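J.: Sequence plus the predicted model coming up.
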Amino acid sequence: MKFSLLALSTAATLGGIDAFLAAPQQPRLSTSALAGYGIGSWNKKSSPSSSSGGGAAVASRNPWDDANKANTVSKSDAFVKNPVTTKKSYGLGSWNKSAAPTASSVVAPAAANGGCPFHANYDAIREELKLIMDNPSWDDGSLAPIFLRLAWHSSGTYDAATGTGGSNGAGMRFQNEAADPENAGLAPARAFLEPVKRKFPEISYSDLWILAAYVGLEVTGGPVIEFQPGRVDHPDESYWEQMSYGRLPAAEKYCCPHLDDNNVSSSLDETGKVKGWEGLCTHVRNEVFYRMGFNDQEIVALLCGGHVYGRCHPNASGYAGPWVENMTQFSNEYATDMIEDEWTLVSHGDTWLDEQGSAELRPAPGNRQFVNQKKGVKSDDPNQMMLLSDMILAWDPDFRPILEMYAEDEDKLKVDFGAAFKRLTELGCGFP
């Protein structure tokens, strides 16, 4: 791992991230996510717990209040002043402090500008992004998953019929788009990229967010995608007049209502599928991806390649846990596990997950998801989950053969995912 970034990113905490946290338009960040700012390591298996009332105590704590923000800045400041000691606290051995940029080397951006793509040194920016990608204080040690989600969600608003939305503009910098419930938990991703933007003010936020995802894929064994610069940031929020919520996929839309937290199995039909799954499938296929112009194979490729990364957090999305065992490396594990593993539908009321060491798989109240654990059955398998909107790939007769193809052929998934993700991130940009 390279840690010249850690001094860089924490330097931004003293200025850029501190200001970022103070911005009133930012949605609340989950308590667990604050570990990424130096508030301490987050124990994945500690939230939610039965003793905390299913995470109620955690949810009632406001991580944006003055005391917590001061704690963030104080601990990050200590990281900048004494990175060797801090790094050793993660068990990562020695580190050459002289190789790291200091706070004074972080160039403040010029007055608000959309960047000048013709003057940006993209090779240098790529190298800077590689330096920040490994971060032992963030989730599973990598920023690649959250950068990928940032790029996806900034791009996934595109509407082919009106030509609105897409990655061009970086609209999540403004209140309305940032407040979309599907964008919950993405404030840290934007904050982690602030020091890079300060050092290279000539790149637009729109380009930076996409390039960060491309670099994240590359360093984690994913496809190498050719980067096309030229996105221009929105100067203000007037663009939102032509936008609306609901363009990003919702995990349970149109499924039967979740009424009984203690009898979630009543949501299932006789074949083990969630009642109303066909409506959810129509939402994902027609309302989201067909709206942008994707076909079924591209849809499956995007989900298989994208959801192999990262995890869900109950205090952000409302769902909990990782999709796969190795969530910081590209693979076709998402596809193979969905087909080969047995999946159990759970809700927040399934406290047996806590008792069996799988508390990290219990979603927030009102939400449902599938998990690879069974009540009363001890298992050595790593905790994994699937959203209802994931499982439609296995249930839909048109999606299923494509899923099986990618489960058999990881190389083809890499090629197809790379092509589809490049297309996703260039929609609405006007590139040739």
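T.: Thanks, I have the structure now. None of these values were measured; they are calculated from a predicted model.

J.: Would you confirm that residue 214 contacts residue 227?
T.: Yes - counting by Cβ atoms under 8 Å, residue 214 touches residue 227, with 5.5 Å between them. C-beta: built from backbone N, CA, C; applies to glycine.

J.: Who has more neighbours out of the two?
T.: residue 214 (24 against 17; other Cβ atoms under 10 Å).

J.: so how far is residue 416 from the more buried one?
T.: 16 Å (Cβ to Cβ, to the nearest Å).

J.: Over to residue 157?
T.: Taking Cβ to Cβ, one finds residue 157 at 23 Å from residue 416.

J.: And for residue 218?
T.: For residue 218, the distance to residue 416 (Cβ to Cβ) stands at 17 Å.

J.: Between those two, point out the one with more neighbours.
T.: Neighbour tally, residue 218 and residue 416, criterion other Cβ under 10 Å: the higher count belongs to residue 416, 22 against 19.

J.: Quick one: list the elements packing against the helix or strand hosting the more buried one.
T.: Using DSSP states H and E, residue 416 maps to helix 410-426. In terms of contacts (3 or more Cβ pairs under 8 Å, 6 or more residues apart in numbering; DSSP states H and E), helix 410-426 is packed against helix 144-155, helix 205-219, helix 296-306, helix 399-408.

J.: how about it: buried residues?
T.: 410, 413-414, 416-418, 420-422, 424-426 (16 or more other Cβ atoms under 10 Å).

J.: could the residues you listed go into a markdown table alongside distance to residue 280 and pLDDT?
T.: Shown next, in a markdown table, are the buried residues of helix 410-426 (distance: Cβ to Cβ, whole Å; pLDDT from 0 to 100):
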| residue | distance to residue 280 | pLDDT |
| --- | --- | --- |
| 410 | 27 | 98 |
| 413 | 23 | 98 |
| 414 | 27 | 98 |
| 416 | 23 | 98 |
| 417 | 22 | 98 |
| 418 | 27 | 98 |
| 420 | 21 | 98 |
| 421 | 23 | 98 |
| 422 | 27 | 98 |
| 424 | 21 | 98 |
| 425 | 25 | 98 |
| 426 | 28 | 98 |
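
J.: Tell me how many other residues surround residue 157.
T.: So residue 157, with other Cβ under 10 Å, has 27 neighbours.

J.: any weak-confidence spans in the stretch 51-200 of the chain?
T.: Counting by pLDDT under 70, the ranges of the stretch 51-200 of the chain that qualify are 51-118.

J.: residue ranges for the strands of it, please.
T.: Read by DSSP state E, counting those that start in this stretch, the stretch 51-200 of the chain holds no strands at all.

J.: Please, where are all the helices along it?
T.: Using DSSP state H, counting those that start in this stretch, the helices of the stretch 51-200 of the chain run over 56-60, 66-81, 83-88, 122-133, 144-155, 175-178, 187-192, 194-199.

J.: Which one, of the helices and strands packed on helix 410-426, ends up nearest to residue 365?
T.: The closest of the helices and strands packed on helix 410-426 to residue 365 is helix 144-155. By Cβ to Cβ, the value is 23.1 Å.

J.: wait, isn't residue 144 in contact with residue 220?
T.: Yes - look at residue 144 against residue 220 with Cβ under 8 Å: they come within range, at 5.0 Å.

J.: Counting neighbours, go ahead and name the busier of these two.
T.: residue 144 (28 against 20).

J.: How about the contacts made by the more buried one?
T.: Contact partners of residue 144, counting by Cβ atoms under 8 Å, 6 or more residues apart in numbering, are 133, 213, 216-217, 219-220, 309, 328.

J.: try 6 Å
T.: Shown in contact with residue 144 (Cβ atoms under 6 Å, 6 or more residues apart in numbering): 133, 216, 220.

J.: and the last one, how far is that from residue 192?
T.: Right, the one you point to is residue 220. For residue 220, the distance to residue 192 (Cβ to Cβ) stands at 16 Å.

J.: for the first one, same thing?
T.: To residue 192, residue 133 is 10 Å away according to Cβ to Cβ.

J.: Tell me the residues that contact both of these two, please.
T.: The overlap between the contact sets of residue 133 and residue 192 (Cβ under 6 Å, 6+ apart) consists of residue 143.

J.: When the two are compared, which one has more neighbours?
T.: More crowded of residue 133 and residue 192, by other Cβ under 10 Å: residue 192, with 28 against 22.

J.: Now do the strands in the stretch 251-400 of the chain.
T.: Assigned by DSSP E, counting those that start in this stretch, the stretch 251-400 of the chain shows strands spanning 311-312, 321-322, 344-347, 368-371, 385-386.

J.: Quick one: list the elements packing against the third one.
T.: In other words, strand 344-347. strand 368-371 (3 or more Cβ pairs under 6 Å, 6 or more residues apart in numbering; DSSP states H and E).

J.: now do the second one
T.: Under the contact definition 3+ Cβ pairs under 6 Å, 6+ apart, strand 321-322 sits against no other helix or strand.
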